[in-house]
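S.K.: Pasting the sequence and the predicted model now:
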Amino acid sequence: MKPQLNDMPGHSWLGAPIDARSLFAPEQAALMATLHGLAPADWGKEAVPGWTVRDLAAHVLGDFYGRLARDQDGPGFAPGETLEAFIHRINQEWVDAHRRVGPAALTDTLDLVGGQISRFFEATDPDAPSLGVSWAGIDPAPMWLDSARDFTEFWTHRQQIRHATGQDTDADPRILSVVLDTFMRALPHTLRDVTVPVGTQVRVVIDGPAGGAWTATATGHGWTLAEPDDGRTAAVVRFDAETAWRLCTRGIQPDTALARVRIDGDRQLAEAACQIVSIVY
């Protein structure tokens with residue numbers, strides 16, 4: 001069996017580390033502003049399939065508590081339970097248990113515990129080992145990626161609440177740029193089963209002030225984001241920011257995204273890149 005990138009020492013194949021630590025506090029403030037601005041009827045609107053805005057707010061609170069407890073006690077997996085099954089189970093259990101908690105109590109508690117979350121992440125060591133990030137194909141992951149992953153989850157849930165209540169995506173480039181950069185770290189894992197000659201490159205470009213460019217290069221044991229773009233990419237996929245983040249979180253499916261993107265070069269390779277998903281799905 002050929003060696004895999006996540007078996008190699010170091011994490012350079014994931015690209016340059018992301019430091020999201022200072023952004024948890026402004027993201028928390030934005031969440032609170034969103035919740036305080038909701039009308040009573042907004043809390044009962046569907047935010048994601050099967051969950052109302054209130055359910056989703058309760059889920060975020062569960063994420064906060066779970067994050068604080070996880071780094072003290074570790075996750076409580078059932079025997080033989082996968083990470084994905086564990087996450088889906090505890091998410092639903094938490095939401096079910098909080099169905100009788102009203103918006104005011106949820107908001108007050110989110111405000112309190114969210115401040116603890118911000119302080120927790122500000123104090124983390126980015127290079128310390130942490131919980132695996134399944135959609136990036138790495139376990140354990142460096143804390144910088146684990147932290148950035150949590151940051152994107154909090155941000156995504158806030159957008160789902162905004163959309164459910166008739167608001168557009170918050171496109172603040174200071175925050176959205178970090179979200180998109182984190183999501184793109186799924187590219188090597190997305191392409192893991194694509195067999196191409198060593199040195200083949202796929203470039204993903206996201207337009208706009210929060211965008212950027214990410215180049216995945218095929219090596220003898222997987223794909224990496226560490227190699228420089230040599231200007232001879234086999235495929236270039238160009239997204240707008242809204243399409244990119246919604247694809248990565250499966251707010252839209254790859255077929256929908258493909259109808260919106262611009263592709264230059266090898267279409268089959270570009271379509272493979274558009275299977276990217278940056279959440280537990």
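M.R.: Alright, I've got the coordinates.
S.K.: On the three-state scheme, Leu68 is what?
M.R.: Per DSSP: H, G, I helix; E, B strand; the rest coil, the local secondary structure of Leu68 is helix.
S.K.: Just the pLDDT for it.
M.R.: You'll see Leu68 listed with a pLDDT of 90.
S.K.: and it, how many residues sit next to it?
M.R.: A count of nearby residues for Leu68, using other C-beta atoms under 10 Å, gives 14. Just so you know, the C-beta spots here come from the backbone N, C-alpha and C atoms, and that holds for glycine as well.
S.K.: With Pro173 instead?
M.R.: By other C-beta under 10 Å, 13 other residues sit near Pro173.
S.K.: Run through the strands of the chain in chain order.
M.R.: Assigned by DSSP state E, the chain shows strands spanning 46-48, 51-52, 129-130, 141-142, 201-206, 212-219, 222-224, 235-239, 262-265.
S.K.: So what are the sheet partners of the second one and their directions?
M.R.: Note on strand 51-52: by DSSP bridges, its sheet partners are strand 46-48 (antiparallel).
S.K.: which one of the strands of the chain lies closest to Glu153?
M.R.: Nearest to Glu153 among the strands of the chain is strand 46-48; the distance by C-beta to C-beta comes to 12.4 Å.
S.K.: Show me which positions of the helix or strand of the chain with the lowest mean pLDDT end up buried.
M.R.: Within the chain, confidence by mean pLDDT, DSSP states H and E is lowest for helix 83-97 among all helices and strands, at a mean of 79. Using 16 or more other C-beta atoms under 10 Å as the burial criterion, the residues of helix 83-97 that qualify are Ile87, Ile90, Asn91, Trp94, Val95.
S.K.: circling back to that earlier point, quick one, which of the strands of the chain is nearest to Ala272?
M.R.: With C-beta to C-beta as the measure, strand 201-206 is the member of those nearest Ala272 (7.8 Å).
S.K.: That closest one: partners in the sheet, and parallel or antiparallel?
M.R.: Strand pairing for strand 201-206, using DSSP bridges, gives strand 212-219 (antiparallel), strand 235-239 (parallel).
S.K.: How far does that strand sit from its chain's centre?
M.R.: Using C-alpha atoms, centre = their mean, to the nearest Å, we find the averaged C-alpha position of strand 201-206 to lie 18 Å away from the chain's own average C-alpha position.
S.K.: all helices for the chain, in order.
M.R.: Counting by DSSP state H, the chain forms helices over residues 24-36, 53-73, 83-97, 103-122, 143-164, 173-183, 187-190, 241-248, 254-258, 267-273, given from the N-terminal end onward.
S.K.: Now do the closest residue in space to Leu191 that isn't next to it in sequence against Pro26, distance only.
M.R.: The shortest distance from Leu191 to any non-neighbouring residue, by C-beta to C-beta, 6 or more residues apart in numbering, is to Trp223 (4.6 Å). The gap separating Trp223 from Pro26 is 33 Å, by C-beta to C-beta, to the nearest Å.
S.K.: Looking at these two, which has the bigger crowd around it?
M.R.: More neighbours surround Trp223 than the other of Trp223 and Pro26, with 23 against 13 (other C-beta under 10 Å).
S.K.: Leu187 is in contact with that one, correct?
M.R.: Yes: the criterion here is C-beta atoms under 8 Å, and Trp223 meets it with Leu187 at 6.9 Å.
S.K.: Quick check: neighbours shared by those two?
M.R.: Contact criterion C-beta atoms under 8 Å, 6 or more residues apart in numbering; residues bridging Trp223 and Leu187 by contacting each: Ala216.
S.K.: about what we covered before: which of the helices of the chain has the lowest mean pLDDT?
M.R.: helix 83-97 (a mean of 79).
S.K.: Need the residues that contact it.
M.R.: The set of residues that contact helix 83-97 without belonging to it, under C-beta under 8 Å, 6+ apart, is 51, 55, 58-59, 61-62, 66, 75-78, 81, 132, 134, 280.
S.K.: Give the buried subset of the residues you listed as a PyMOL selection command.
M.R.: The PyMOL command for the buried members of those (criterion: 16+ other C-beta under 10 Å) is given here:
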select buried, resi 51+55+58+59+61+62+66+132+134+280
